[in-house]
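Q: with the sequence up front, the predicted model follows.
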There are 4 protein chains.
Amino acid sequence: MKGIRIGLIGAGWMGKAHTTAFHNAKMIFGDDVPVFEMISDVNEEQVKNMAQSLGYNRYTTDWTDIVKDPDIDLVDVATPNSMHFEMVKAALENGKHVFCEKPLSLSGEQSQILADLAAEKNVVNYCGFSNLMNPANQYVKDLVQSGKLGKIMRIHATYDQDMLLDPKQPITWRHVNKFAGSGALGDLASHLLSVSQMILGDIQEVNAVDSIVIPERPLPGKNEMGTVENDDLITFLVKYKNGAIGDISASRVATGRKNYFYYEIQGTEGTVVYDLERMCEVQVYFKADADKDNGRDCGFRTVLLNPEHNGFKYFQPAGGIAIAFDDMKTLQAHELMQAMNGGSYEGSFSMGAKVDGVISAVLKSVKSRQWELC
Amino acid sequence: MKGIRIGLIGAGWMGKAHTTAFHNAKMIFGDDVPVFEMISDVNEEQVKNMAQSLGYNRYTTDWTDIVKDPDIDLVDVATPNSMHFEMVKAALENGKHVFCEKPLSLSGEQSQILADLAAEKNVVNYCGFSNLMNPANQYVKDLVQSGKLGKIMRIHATYDQDMLLDPKQPITWRHVNKFAGSGALGDLASHLLSVSQMILGDIQEVNAVDSIVIPERPLPGKNEMGTVENDDLITFLVKYKNGAIGDISASRVATGRKNYFYYEIQGTEGTVVYDLERMCEVQVYFKADADKDNGRDCGFRTVLLNPEHNGFKYFQPAGGIAIAFDDMKTLQAHELMQAMNGGSYEGSFSMGAKVDGVISAVLKSVKSRQWELC
Amino acid sequence: MKGIRIGLIGAGWMGKAHTTAFHNAKMIFGDDVPVFEMISDVNEEQVKNMAQSLGYNRYTTDWTDIVKDPDIDLVDVATPNSMHFEMVKAALENGKHVFCEKPLSLSGEQSQILADLAAEKNVVNYCGFSNLMNPANQYVKDLVQSGKLGKIMRIHATYDQDMLLDPKQPITWRHVNKFAGSGALGDLASHLLSVSQMILGDIQEVNAVDSIVIPERPLPGKNEMGTVENDDLITFLVKYKNGAIGDISASRVATGRKNYFYYEIQGTEGTVVYDLERMCEVQVYFKADADKDNGRDCGFRTVLLNPEHNGFKYFQPAGGIAIAFDDMKTLQAHELMQAMNGGSYEGSFSMGAKVDGVISAVLKSVKSRQWELC
Amino acid sequence: MKGIRIGLIGAGWMGKAHTTAFHNAKMIFGDDVPVFEMISDVNEEQVKNMAQSLGYNRYTTDWTDIVKDPDIDLVDVATPNSMHFEMVKAALENGKHVFCEKPLSLSGEQSQILADLAAEKNVVNYCGFSNLMNPANQYVKDLVQSGKLGKIMRIHATYDQDMLLDPKQPITWRHVNKFAGSGALGDLASHLLSVSQMILGDIQEVNAVDSIVIPERPLPGKNEMGTVENDDLITFLVKYKNGAIGDISASRVATGRKNYFYYEIQGTEGTVVYDLERMCEVQVYFKADADKDNGRDCGFRTVLLNPEHNGFKYFQPAGGIAIAFDDMKTLQAHELMQAMNGGSYEGSFSMGAKVDGVISAVLKSVKSRQWELC
């Protein structure tokens, strides 16, 4: 298999994470052959150091060098969210394969433009929704899509953290819409939306309410307060095209919750519950268990992730041995490498555009106080 | 303490449950002195037998005998929901103290009429929201109202059962609106609403979606199908007067859920989670725990119900010893007896009217697809 | 069914609990007809009051009046443990049916004498092991005895409380061997032993170690310390006649544990885990679940107690609705009433003697540091 | 920092795991500089391939080449257990630093010889007890050793798997004592013993019972049965030098258990519970919580692993994000690299000898049916 020459835009934390994931995937899967060709960042000192420590052959302070370079196969966009659209667009226009960290852009409309452009250019277009590769979510997808849970009636989902609970923490880019687009919605609920898209398909309409719990925060380094522009907490009703209904929420001020990506999906033949704080177990109930002995022995099964769940076997040989959050990123890097060689993949720009479309509809609904189509 | 002479309307399952609760309360608390004076039911055979087995002094097939009888202090209405309004109204007009099983009526407007009439007559007006007396809910009330959880930001609540999951189960009164008013909403979510009313106060507006998962069911004893008129599943957004937001749901077709009355309340200083399927434990997180040692030791505490939680001590002397669902009813019977002697109580008709008002607003919202005021 | 005339020896907390259980059983089952004939206690004031409040026809300060009275069918012994032997023996010698709160006596030898005498007299001989009637333990018994768990390999069991953790709590009768016989062993582990006896049958030999964590405690009302004579904590290996092995423990100083009666039973076809702090759920794993789809969906099932589990249906109509610790006592009172009319029962004096025999062997092993036969 | 030249003996699964851990540690910690100098294995084809795929400079089929080579600093022994003693001894005699996968040898006596020899040679002597580096166990160590749990009274620990439950699985080296030394005891309980040694210190004496549940298994490739020589299941009482008592067990036929490394440690001021199947959470109870408000709010805290727990911060920036079982091995590789530069370390040969000494005492006790000194 020939080497995939990568050009990374963004020498920050996420750029490093992507590169590490490519390294890990190479070590585990063997046949992935990333070539770390070029890295760019506006900060010359930083990009020089990162090129060396991460093993990139060349570096630049001008990201357009990367999208134009003939020796680059795959452009990896790992910059702040608000820059994604412009960079991805330029890369696509130059006919590059593109890996973009989520979100594709700050609006459903822009993301759809990118999805359309990628389709037109017929290139690999991969959006970094890492939760899709979690063997737990893959397992739930299998249960739902095989029909084992029957007709899906309902979802309840929330992604809660309390990292921004302290009102003394200063304003960051996350609180400002021109950089972040939205608050907990885009940062956290987006992960639920990508998983929901994979498992349950399209959302038809949404109806939302939000809350800014801490409306002002200190401006960093200043003796004054700045305005928090977006949702600390979001909750919305959803109607799916398949007839299911439900509620999806996220909070960045959810006292006590650390990484509480939680969902329950109820079907007429079974129900699953998943909580990322207990990454390696899935609760599953089968109505078939209740149909025996008048339900004497029925109950939710605590299924420990094991090699029968997609992706797990590459990390551990047997159930009950913990895999890590970062392993989802390794699986993602591998799927992307496979995609570069013609493999299929879940997190296309088309999915990214759908997720961003739901986010735009939710934001619209908060203002209109109406149901909004996605 | 003088005896409280009770007149029970309705010799069915609920009437028996009320009577048993009065007996149990008398046995446990000692100073309650219910006198089982008269019982009524349209079925003469049944009411005669019940009078004997439950120990009522007299019986009648005409419920108006009870509301008019000068030797009755307290009228206990335990008939099907659709009859509550007329019976309670008549009892109040005759100046009786009234105990009405929830709901007060099938609409917020009618329930408000009863609440106003009760206030005018200045009688004890007690609505049977048994979950209010659950020591777990009392504990959460204390935590919230003492400020220990800080400012309340959010509630997530659902009451899920799967008793009506099987599509072969025939149509019952529960599926017909003139008898039931609504489906899972009135039957199940109403319990969440009473507890929410006690703990968080008034809901300002709601925005709802519902689903009839099984639209037709067999007509009992016939070879044809009947129409299910109301929600198998309901979900609605809520905004409280205190600024909190959230989502409340209920389902009677929630595969795998048996008595899953579940809520999470998040405040700026703490969070509580409660699940009635694990009746005797409450999960509580205090931000103060996270403020020590950089959060090294923080986490949700699994608090086992114990004598420090209101009501528990009457049943068990120490934490970790299980109390029962029915003990809530015993505590309710006792509170009512105390109310007859001047004590205060939570579940007044005023609360009943508020709960029924939210239900009416939810039903309205399902049709209008708008936020509706409560 | 004719009335069963009860003579109660002991007007304390346990005597009251027995009487309440008879009342409750009568209310629930209908056909139980206890007649509260006579009550005795050395304290005249107390016995007089108790006779009135509990509804006994007569009272006495001399317990021998009860065992000799021709109008008493069933002698109920609810006195301190060290008096059981003498009283039960006298009752049996007078040909009475006997209900004795556990333990039968303070030694296996004495308890065997009572079991033999009861057999000789051919009377009902009922020992108050209330945990036997817990629907959860009944369910586990069914799983084991039906073979659904395969050949039983192993048990781990512990009964932990922290009620005596505080070293400032004074010496009580529990700490003195002539009154208590042993510490956590007789008080707590005995409950595990009765349940183990019912589910797994006879223990063949034991090997024990103990610990007195707080060797001295204040003498009540005095300014000096007294000696704690028995185990705060006991742990012993067990070998069963059926080939299973395991460990059984108890602690009265187990920090954080409130009513942690916990066991795991592993068989070649399945495993069960039960924790009395979550009284209404049993964790069950079936190897058969693992044999499908390479174990993809296998896991412990959280089974909520429901009407298919022996005894539950008398309290609640559906799974997930909590029953109480005290309901075990009601079921026990009912089983005893049935036994008085010829019904079979689990907790005979023969079982009591076996449990007390294991306790004697454990105490012997602590001293001998050897395996001891039971 | 200069490179540490590694000579690996054993080109199997464990050798690969060690090498991967060194790679991962280098990537994460940066300052570790392993040099993969030489690898040996009896199988020439295999060792040649492994040298290439793992990046070793040289390979050999004679392990003595490695222990004698002047260009090797650290000998890494990753061969089958029964070969450890001879190889480690030779490496030490040649003055090499040694990393030996657990166990050091098949008996406490032999392991003590190695510990003494290593002390005499004053070289790094590192035994691969990977669970020591688990941030959860490090956290428990901190809680115990800081006195936050008070005086330790008791431990209950078990390591249960069901990998060998199926009686049709053939005999392997694990079932034969000359290769394995013991069954579940050495394979699984040894991990509990190393963690116990780190947290609670020396065990004084033990008293054991075992069970061979499946006494015969098919001989691989033959039509006859072979004898299982060692424990499928082991349970033993322990007395610690610090006065604590308890029970430790392991089973390789524990139906339903996958990687159930579980322990509870009870101290007079607090209790911890840990279950490796839920790797990222520790249950902790503090008596201090019970001393407030009469215990109203006390309960076990579900502490999610976070950067305050030793080792966690190298993998994730915040609590609730899952780390993996393999991360323990990475931390171990790093600790070893640090040790080569003078750093301290937990898992010395001295600890290895203590663990193997307990195992020898347990095996002796099974036969003698007595308490045995460790």
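A: Received it, and whenever you're ready, just let me know what you need. Since the structure is predicted, the reported quantities are computational estimates derived from the model, not experimental observations.

Q: residues touching the closest residue to chain D within the stretch 51-200 of chain A, list them.
A: As assessed by CB to the nearest CB, chain D sits closest to residue A:163 within the stretch 51-200 of chain A, at 6.7 Å. Quick note: C-beta positions are derived from backbone N, CA and C, even for glycine. By CB atoms under 8 Å, 6 or more residues apart in numbering or on different chains, the contact set of residue A:163 is A:252, D:318.

Q: assign it to helix, strand or coil.
A: Here residue A:163 is recorded as coil under DSSP: H, G, I helix; E, B strand; the rest coil.

Q: where's it relative to residue A:184, distance?
A: Separation of residue A:163 from residue A:184 (CB to CB, to the nearest Å) stands at 10 Å.

Q: quick check: neighbours shared by these two?
A: Residues touching both residue A:163 and residue A:184 (CB under 8 Å, 6+ apart): residue A:252.

Q: other SSEs contacting the helix or strand of chain A with the lowest mean pLDDT?
A: Across the helices and strands of chain A, mean pLDDT, DSSP states H and E gives its lowest value to helix A:13-29, namely a mean of 91. When contacts are defined as 3 or more CB pairs under 8 Å, 6 or more residues apart in numbering or on different chains; DSSP states H and E, helix A:13-29 packs onto strand A:4-9, strand A:34-40, helix A:44-54, strand A:97-101, helix A:325-340, helix D:13-29.

Q: export these as a markdown table, with columns for mean neighbour count.
A: Output for the helices and strands packed on helix A:13-29, formatted as a markdown table (neighbours: other CB atoms under 10 Å in any protein chain shown):
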| stretch | mean neighbour count |
| --- | --- |
| strand A:4-9 | 25 |
| strand A:34-40 | 23 |
| helix A:44-54 | 15 |
| strand A:97-101 | 25 |
| helix A:325-340 | 23 |
| helix D:13-29 | 19 |
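
Q: now the ones you listed as TSV including distance to residue B:312?
A: TSV is the format used below for these (distance: least, CB to CB, whole Å):
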stretch	distance to residue B:312
strand A:4-9	60
strand A:34-40	61
helix A:44-54	59
strand A:97-101	51
helix A:325-340	40
helix D:13-29	50
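
Q: between the ones you listed, which gets nearest to residue B:351?
A: Closest approach to residue B:351 among the helices and strands packed on helix A:13-29 (CB to CB): helix A:325-340, 45.2 Å.

Q: do the closest one and chain D meet?
A: Yes - for helix A:325-340, a contact with chain D is found by CB under 8 Å from any CB of the partner chain, at A:325-327.

Q: just want the angle from that helix to strand A:34-40.
A: 100 degrees (axes from the mean of the first three to the mean of the last three CA atoms, to 10 degrees).

Q: mind exporting the C-alpha coordinates of the helix or strand following helix A:325-340 to CSV?
A: Downstream of helix A:325-340, the next assigned helix or strand under DSSP states H and E is helix A:349-368. Provided in CSV are the C-alpha atoms of helix A:349-368 (Å, rounded to 0.1, in the frame of the first residue of the first chain):
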residue,chain,number,x,y,z
PHE,A,349,-19.2,15.7,4.8
SER,A,350,-22.7,14.7,4.0
MET,A,351,-23.2,13.6,7.5
GLY,A,352,-21.4,16.7,8.8
ALA,A,353,-23.8,18.8,6.8
LYS,A,354,-26.7,17.0,8.3
VAL,A,355,-25.4,17.5,11.8
ASP,A,356,-24.7,21.2,11.2
GLY,A,357,-28.1,21.5,9.6
VAL,A,358,-29.8,20.3,12.8
ILE,A,359,-27.7,22.7,14.8
SER,A,360,-28.8,25.6,12.6
ALA,A,361,-32.4,24.5,13.0
VAL,A,362,-32.0,24.3,16.8
LEU,A,363,-30.6,27.8,16.9
LYS,A,364,-33.4,29.1,14.7
SER,A,365,-36.0,27.4,16.9
VAL,A,366,-34.6,29.0,20.1
LYS,A,367,-35.3,32.3,18.6
SER,A,368,-38.6,31.6,16.7
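
Q: give me the mean pLDDT for stretch A:333-345.
A: The average pLDDT within stretch A:333-345 is 95.

Q: ok, stretch A:307-314 next?
A: The average pLDDT within stretch A:307-314 is 97.

Q: how long is that stretch end to end?
A: 8 Å (CA to CA, to the nearest Å).

Q: ok, residues contacting that stretch?
A: Taking CB under 8 Å, 6+ apart as the rule, stretch A:307-314 contacts A:28-29, A:133-136, A:138-139, A:142, A:305-306, A:316-319, A:323, A:327, A:331, A:334, C:293-296.

Q: could you do stretch A:282-293 as well?
A: A:136, A:139-140, A:143, A:148, A:150, A:268-274, A:295, A:297-303, A:305, B:165, B:255-256, C:297, C:299, C:301, C:308.

Q: swap in stretch A:13-32?
A: A:1, A:4, A:6, A:8-9, A:33-34, A:36, A:39, A:41, A:50, A:54-55, A:76, A:78, A:99, A:101, A:128, A:314-315, A:326, A:329-334, A:337-338, D:20, D:23, D:27, D:53.

Q: and the residue in the stretch 51-200 of chain A that chain C sits nearest to, how far from residue A:128?
A: In the stretch 51-200 of chain A, no residue comes nearer to chain C than residue A:139, which is 7.6 Å away by CB to the nearest CB. Distance of residue A:139 to residue A:128, given as CB to CB: 21 Å.

Q: how about residue A:141?
A: To residue A:128, residue A:141 is 18 Å away according to CB to CB.

Q: again, but for residue A:218
A: For residue A:218 relative to residue A:128 (CB to CB), the value is 32 Å.

Q: mind checking which of these two has more residues around it?
A: Set residue A:218 next to residue A:128 and count neighbours by other CB atoms under 10 Å in any protein chain shown: residue A:128 wins out with 25 against 15.

Q: ok, what's across the strand from that one?
A: Taking DSSP bridges as the rule, residue A:128 bridges to residue A:101.

Q: dump the residue contacts of it.
A: When contacts are taken as CB under 8 Å, 6+ apart, residue A:128 is in contact with A:18, A:99-102, A:332, A:347.

Q: check residue A:235 too.
A: Neighbours of residue A:235 in contact, by CB under 8 Å, 6+ apart: A:208-210, A:247-249, B:154, B:237, B:245-247.

Q: helix or strand: which one has it?
A: Using DSSP H and E, residue A:235 falls in strand A:233-240.

Q: can you list the strands that that strand pairs with?
A: strand A:203-211 (antiparallel), strand A:245-251 (antiparallel).

Q: need these in CSV (columns: mean neighbour count and mean pLDDT).
A: Output for the strands paired with strand A:233-240, formatted as CSV (neighbours: other CB atoms under 10 Å in any protein chain shown; pLDDT from 0 to 100):
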stretch, mean neighbour count, mean pLDDT
strand A:203-211, 24, 98
strand A:245-251, 27, 98
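
Q: what's the burial count for the residue in the stretch 51-200 of chain A that chain B sits nearest to?
A: Closest residue of the stretch 51-200 of chain A to chain B, CB to the nearest CB: residue A:153 (5.2 Å). By other CB under 10 Å, 26 other residues sit near residue A:153.

Q: report pLDDT for it.
A: Note on residue A:153: pLDDT of 98.

Q: residues touching it, list them.
A: A:244-245, A:266-268, B:211, B:213, B:232-233, B:251, B:253.

Q: so which helix or strand takes in it?
A: Per DSSP H and E: strand A:152-160 holds residue A:153.

Q: just the ones of the contacts of stretch A:282-293 in strands?
A: A:270-274, A:300-303, C:301 (DSSP state E).

Q: understood, closing this out.
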